[in-house]
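J.: Sequence first, predicted coordinates after that:
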Amino acid sequence: MASTFHHHHPHTLIPLIILYSIFFSFYPAYSIQFQIPSFNPGDANILYLGAAATRDGSADFNVNDLYTCQVGWTIYSKQVLLWDSRTGKLTDFTTHYTFIIDTGNKTTYGHGLAFFLAPVDFEIPPNSSGGFLGLFNTTTKDSAQNQIVLVEFDSYPNSEWGETVQHVGINNNSIVSTKWTPWNTSLHSGDTADVWISYNSTTKNLSVSWKYQNSYDPEEHTSLSLAIDLTRVLPEWVTIGFSAATGYFGETHTLLSWEFNSTLDRAEGNNSKKTRLVVILTVSCSALAVGAIAAFGVLWNRRKKKSMKDQLEAMNLTSMNDDLERGAGPRRFSYKELSLVTNNFSKDRLLGKGGFGSVYRGYFANQDLSVAVKKISRGSRQGKKEYVTEVKVISQLRHRNLVQLLGWCHDKGEFLLVYEFMPNGSLDSHLFGSKKSPIPWNMRHKIGLGLASAVLYLHEEWERCVVHRDIKSSNVMLDSTFNASNPIYIPTQHAPLALNQKDMSVSPISAVSFILILSFVMNVKSSSSPFDVSFNFPRFTPDDFIGFANDATIKHGAIKLTKKNKTGFPLQHSVGQAAFLQLIRIYDKANAKVANFTTQFTFLVNRNSATNYGDGLAFFLMPPDFKLPDRKDSSGGFLGIFTHENALINNDNGHKIVLVEFDSFNNEWDPIEAYEISHMGIDVGSIKSVATAPWLIEFEPDGTKVTARISYDSRAKRLSVNVFFHDKVADSSLVYDIDLTKVLPEAVFVGFTAATGDLVETHDILSWSFNSKF
């Protein structure tokens, strides 16, 4: 007898599965138990963030092998119930883990590893490397809004917040340990540490103990405890995990194993127990009936689904028609009309293709009117949704620099939009295409202003904020007089405005000058704090939002500020600048607020074994109306910013550029106590520094790698510079009291400049981060 196979339709089981899952998920176990003897990439219970990843069965916090200024997290992927707000009950928990910190036999190293409990939406803070352990930054290190408890193994004493020794500490809402004991990192370097952390909910005591497999110091304490009520510090649900960080001095952090146990279950009252019994009986008795009904329901639903979808779509389109036809502006076209004016959508009328369809040129002879007809592909479901949104929103927009929507059509299952025709095509065809005559500079300026005006209208001047998300040169259309118009395609959700600097530029200088106009209107309202800016470039790519001028470029993941000649030797009289292409708000005059900011960057200066070299590089805060001088007049000691005519002029009126210079050549305008060595300085509106300090005796022949941190304290009105070397050179610092509101406009560009003169060297920016906070 032949075998008979029966195929049971899976949809008949879905109602049963849903019922059981809904009813029984009301009573989950909230206690957590897991044991991880080793880490592997396939374990969905563990998340690796930042510089952390699995390696050889362990969690490595420095997986990219860059041991300085790194932050890595290894966390449990599920939230943990710490206490029950209904009953006030608090969980007991224990965790046990093993880890290794290896200092690499270096005399200076840092910064440490911590186990932490934090809110479920907690993320790696910006600028949190080094002593912040990937959990704090200058803004949050002692903030009253913090909700975090951690146990830290801190390998570097940070004098800024009063630390004097390496230590194990328990921290309550602060980077400063509430309770701590000394700990010898170098003694235990490379050895496996066993750590036990437990919390007693009755005594509200958090205890930590640890031991090492091989190393031991009889004078060293190996336990610590703190009385703390976690219900007053942490939310009900928390994230648990580990964070490790390095600063200017590196070390490696490796987590070998981890286990965790908590005991809290949400309480069930008598009513809950009765309800559970009723639910069980009800579900059991209903199972057969539901199964029978489900089979009929699937068949009925299939028949109705298509009909309902068609009805809803028709209702949506009818509603759109009624709304639009009641007002003035765009009108409804018939498909026959549009087919006629586009010669039945012939190939010779095709202007271009996009993600949702094609655009054709049409001509209404009776009106002597050329149009662009956008035909959405039949198979594009997303396109139809976009079509409805596009018509409803764009029909209300009125601006001289937005391409005007003339009408719409959705006959015979087709979806079409009719726009005014732009005879000079797209901007990219003039910048990068085969056009014989390039656009003159005065016209480029006009185009930039037109585009900026359109963006300002969308963001601030219309009654609702519309964020474009796809501004690029191919989407900037030019009319017969080369006025810029922007076709608007409304996204399904708001997102920050994205400008592709590579598409917008025609040369390094034009990229800066053209996009500066656009940056002025980039105050996107979808941000909850529009004046705060944070970015981080661990390495650089051509797609980064950075503009270049003169000789600056990106190569091998670094910004090369000055050039080499064809033989590979640094070029004389080379000048280069790089800037983040968004204005940074330094202060808000209307609300009398001034920002704190911190920027950190690593750079490499290479003298290529030359005995004499120069001239240096600088970080700048540049007013948007500042004009870069001609390169031939600003090379050498003028650092690409000043010339002979204005280098020493410091006009008391007007805005000034502020520089932090890292000068490798001693010039005649340097202080009378001029260093016969390289020095750093703070310059305000002049090449003559208002404050200086030595920063390097001599560059290494094959290059000196330096990390600089520049910060501004708005309350103290203090600009601070700290320099850290990656070799055996002494660190340097510089402080200058200055009210930036007196010398700078509200918003500035931040970036770098460098120059060579008769003497040469190369200047590379390897990484860069910036964070401002009002």
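T.: The structure has been received and is ready for your questions.

J.: Pairing partners for residue 751 in the sheet, please.
T.: Taking DSSP bridges as the rule, residue 751 bridges to residue 579, residue 620.

J.: correct me, but it touches residue 579?
T.: Yes. Using Cβ atoms under 8 Å as the test, residue 751 is close enough to residue 579 to be in contact (3.2 Å). Every residue, glycine included, has its C-beta placed from N, CA and C.

J.: what is in contact with the two at once?
T.: Overlap of the contact sets of residue 751 and residue 579 (by Cβ atoms under 8 Å, 6 or more residues apart in numbering) consists of 546, 622.

J.: Which secondary structure state does residue 633 sit in?
T.: Using DSSP: H, G, I helix; E, B strand; the rest coil, the secondary structure recorded for residue 633 is helix.

J.: That one contacts residue 640, correct?
T.: No. In this structure, residue 633 sits apart from residue 640 without contact. The criterion is Cβ under 8 Å, and the distance is 9.9 Å.

J.: These two: who's more crowded?
T.: residue 640 (30 against 14; other Cβ atoms under 10 Å).

J.: ok, so what distance separates the more buried one from residue 695?
T.: Counting by Cβ to Cβ, to the nearest Å, the gap from residue 640 to residue 695 is 20 Å.

J.: again with residue 140
T.: The value you get for residue 140 to residue 695, if Cβ to Cβ is used, is 30 Å.

J.: higher neighbour count, these two?
T.: Comparing residue 140 with residue 695 by neighbour count (other Cβ under 10 Å), the higher total belongs to residue 695, at 26 against 18.

J.: what about the spatially closest residue to residue 341 that is not a sequence neighbour, which SS state?
T.: Leaving aside its chain neighbours, residue 341 sits nearest to residue 362 (3.7 Å; criterion: Cβ to Cβ, 6 or more residues apart in numbering). Residue 362 falls in the strand class when you classify it by three-state DSSP.

J.: Can you read off the pLDDT for residue 362?
T.: The score at residue 362 is 93. That number is its pLDDT.

J.: That one contacts residue 372, doesn't it?
T.: Yes. Contact criterion Cβ under 8 Å: residue 362 and residue 372 qualify, at 7.4 Å.

J.: residues shared between the contacts of the two?
T.: Once Cβ under 8 Å, 6+ apart is applied, the residues that residue 362 and residue 372 both contact turn out to be 418, 421.

J.: For stretch 748-758, what is the distance to the chain centroid?
T.: 25 Å (Cα atoms, centre = their mean, to the nearest Å).

J.: Name the residues of that stretch that are buried.
T.: Neighbour counts over stretch 748-758 (16 or more other Cβ atoms under 10 Å) mark 748-757 as buried.

J.: Nearest residue to residue 187 in space, please, no chain neighbours.
T.: Skipping the residues right next to it in sequence, residue 187 comes nearest to residue 215 by Cβ to Cβ, 6+ apart, at 5.5 Å.

J.: my bad, residue 399
T.: Beyond its immediate neighbours in the sequence, the residue positioned closest to residue 399 (Cβ to Cβ, 6+ apart) is residue 457, lying 4.7 Å away.

J.: Now do the SS call for that neighbour.
T.: Here residue 457 is helix, with the state taken from three-state DSSP.

J.: OK, contacts around the residue lying closest to residue 476 once chain neighbours are set aside?
T.: By the measure of Cβ to Cβ, 6+ apart, the closest residue to residue 476 outside its immediate chain neighbours is residue 427, 3.9 Å from it. Counting by Cβ under 8 Å, 6+ apart, residue 427 touches 447, 473-474, 476-478, 484.

J.: Scan these and report the most crowded one.
T.: Highest neighbour count within the contacts of residue 427: residue 476, with 27 neighbours (other Cβ under 10 Å).

J.: Look up how far residue 692 lies from that residue.
T.: As judged by Cβ to Cβ, residue 476 and residue 692 stand 47 Å apart.

J.: thinking again about what came up before, just the closest of the buried residues of stretch 748-758 to residue 416, please.
T.: Checking those against residue 416 by Cβ to Cβ gives residue 749 as the nearest, at 43.4 Å.

J.: Could you pull up phi and psi at that closest one?
T.: The phi and psi torsions at residue 749 (degrees, to the nearest 10) take the values phi -100, psi 140.

J.: so it sits right up against residue 578, yeah?
T.: No. In this structure, residue 749 is not within contact of residue 578 by Cβ under 8 Å, at 10.4 Å.

J.: Can you check which residues contact both of those two?
T.: For the pair residue 749 and residue 578, no residue contacts each of them under the criterion Cβ under 8 Å, 6+ apart.

J.: Doesn't residue 645 belong to a strand?
T.: No. According to three-state DSSP, the state of residue 645 is coil, so it is not within a strand.

J.: Mind pulling up the pLDDT for it?
T.: If you check residue 645, the pLDDT there is 80.

J.: Just give me the neighbour total for it.
T.: Other residues near residue 645 number 9, with proximity taken as other Cβ under 10 Å.
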